[in-house]
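Asks: model this:
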Amino acid sequence: MKNTDSLTGKVLIAMPGMSDPRFARSVVLICAHGDEGAMGLVVNRPLEGLDFTDLLKQLEIDATPQARHVAVRFGGPVEPGRGFVLHRATDADDIDEGEGRMRIGESDLAMTTTRDILEDLARGQGPDAAVLSLGYAGWGAGQLEAEMLANGWLTAEPSDEILFGADDDLKWNIAVQSLGIDPRMLSSAAGHA
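Replies: Below is the predicted model:
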């Protein structure tokens, strides 16, 4: 796959006929996509019964009264015990890749897996816009492309409302509408002309 065909930094929008219930009406930010496969984070599935302060307690990280509110989401079915913080970089230096940090395409988005970002957020520091995902969505070589050819996904550009907005129930509709499509007009039946 040529780099120009990469979906890195795009969002996938599950079509109404998505057969995998884990991804029905999901919106997924693609963090990496290449010849070996793809990796992304579901951005519209809150984890019921777990909030950021609960997670900090489990990790024995003390939160201050200034702690940032960080949504905790189901990022996907792969490695559900592993955390990924999706965030906007606070400045140009903040998107340098290093151990545990990955810049997402050419955007100002980054994904961080290190404990220090959780400690910063618990003290009210770090990025203003951030969500914590447990687990990720993964596709093997050619798997995502096959799902797209089978009309499983639409692609769109990410926005702060889609990635970091508070209303997870509306994100699928917002993502579809960002393409100029009325969500009521999408059919669950796939077809090719």
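
Asks: From what I see, residue 128 and residue 70 are in contact.
Replies: No: using C-beta atoms under 8 Å, residue 128 is not in contact with residue 70; the gap is 10.7 Å. From N, CA and C alone the C-beta is placed, and that goes for glycine too.

Asks: Can you tell me the number of residues neighbouring residue 170?
Replies: Burial measure for residue 170: 14 neighbouring residues, criterion other C-beta atoms under 10 Å.

Asks: and the helix or strand where it lies, what does it pack onto?
Replies: Residue 170 is located in helix 168-177, with elements delineated by DSSP states H and E. When contacts are defined as 3 or more C-beta pairs under 8 Å, 6 or more residues apart in numbering; DSSP states H and E, helix 168-177 packs onto strand 11-14, strand 27-34, strand 153-156, helix 160-164.

Asks: where in this protein is pLDDT low?
Replies: Scanning the chain with the threshold set as pLDDT under 70 gives 1-4, 90-99, 187-193.

Asks: picking up where we left off before, of all the helices and strands packed on helix 168-177, which lies closest to residue 61?
Replies: Of all the helices and strands packed on helix 168-177, the one in closest proximity to residue 61, counting by C-beta to C-beta, is helix 160-164 (21.4 Å).

Asks: Buried deepest among the helices and strands packed on helix 168-177, which one?
Replies: strand 11-14 (a mean of 26; mean count of other C-beta atoms under 10 Å).

Asks: who does that strand pair up with?
Replies: Strands that pair with strand 11-14, judged by DSSP bridges, come out as strand 27-34 (antiparallel), strand 153-156 (antiparallel).

Asks: quick one on the thing from earlier: out of the helices and strands packed on helix 168-177, nearest to residue 176?
Replies: strand 11-14 (5.8 Å).

Asks: got the contact list for the closest one?
Replies: Residues from elsewhere that reach strand 11-14 (C-beta atoms under 8 Å, 6 or more residues apart in numbering): 23-30, 40, 43, 152-158, 162-163, 172, 175-176, 179.

Asks: what do you get if the cut-off is 7 Å, keeping everything else the same?
Replies: 23-30, 40, 153-156, 158, 162, 172, 175-176 (C-beta atoms under 7 Å, 6 or more residues apart in numbering).

Asks: hmm, back to that, give the residue from residue 128 and residue 70 that has the larger number of neighbours.
Replies: More neighbours surround residue 70 than the other of residue 128 and residue 70, with 23 against 9 (other C-beta under 10 Å).

Asks: where's that one relative to residue 12, distance?
Replies: 23 Å (C-beta to C-beta, to the nearest Å).
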